[in-house]
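Trainee: Just a sequence and a predicted model for now, questions to come.
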Amino acid sequence: MKTQKNEAFARTLLICGAYIGLFLLVRQIIFPLQQMIAPNTAPYAALIFLPHGVRVIATWLYREKAILPLLMVHLFAYRLFYWESGDAALNMVAVLSGSLCVFIAMQLFSFSRIDISLSNMTISHWRSLVFLGFISSVFNTAGNMLAMGDVMGSDLHLQVIATFIIGDTIGTLACLLILMLGFRLRRLASSQ
């Protein structure tokens, strides 16, 4: 019992730490660079949203056990940076769509008999995870548009939808590349 609690605590710390760390990286570095390069993009939609990669990898590895840590950390980050002073229910729609989008996409895959599990050795996992990142981004974008649709001008809708989907998908790919590089460096350091 104690081991399960320790594992749950470690999993929560890992997910929350990675999410917040990458969220701050996006906020402090990627958004400002994006605004310099493409000033007409929405200030709340990153072209490289790394936390989506954390959502994808955490949910793929831990399934439903990742939902609560993702919900907690997403609520914290959203409350800190994006919470609109208006309707709390719409804000929660955005939080829930971000927290649950990958799990919903995985359920869709499972229902469609698409096996992207770690145990399936007949597939290229990184491609499956990028595809999962893309599909889950569609769910995330739908929830965010439902929550923010009235706040932004209708002329921005298509641009924001495209930026969300592109940013989430590239963010997933970037997270996978960062992990791969990290594992290679670790392997290289341990072999010396």
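Mentor: Here it is on my side, so go on.
Trainee: which residues touch Tyr62?
Mentor: Applying C-beta atoms under 8 Å, 6 or more residues apart in numbering, one finds that Tyr62 lies in contact with Arg11, Ile15. Just so you know, the C-beta spots here come from the backbone N, C-alpha and C atoms, and that holds for glycine as well.
Trainee: Which element, helix or strand, includes it?
Mentor: For Tyr62, the element it lies in under DSSP states H and E is helix 50-62.
Trainee: which residue packs closest to the residue positioned nearest the centre of the chain, ignoring adjacent ones?
Mentor: By C-alpha atoms, centre = their mean, the chain has its centre lying nearest to His52, at 1.5 Å. Closest residue to His52 apart from its sequence neighbours, by C-beta to C-beta, 6 or more residues apart in numbering: Asp168 at 4.0 Å.
Trainee: before we move on, the earlier item: pLDDT score assigned to the residue nearest to the centre of the chain?
Mentor: What the model reports for His52 is a pLDDT of 95.
Trainee: Over to Leu96?
Mentor: 93.
Trainee: Was I right to think it contacts Leu146?
Mentor: No - Leu96 is not in contact with Leu146 according to C-beta atoms under 8 Å; the separation is 10.4 Å.
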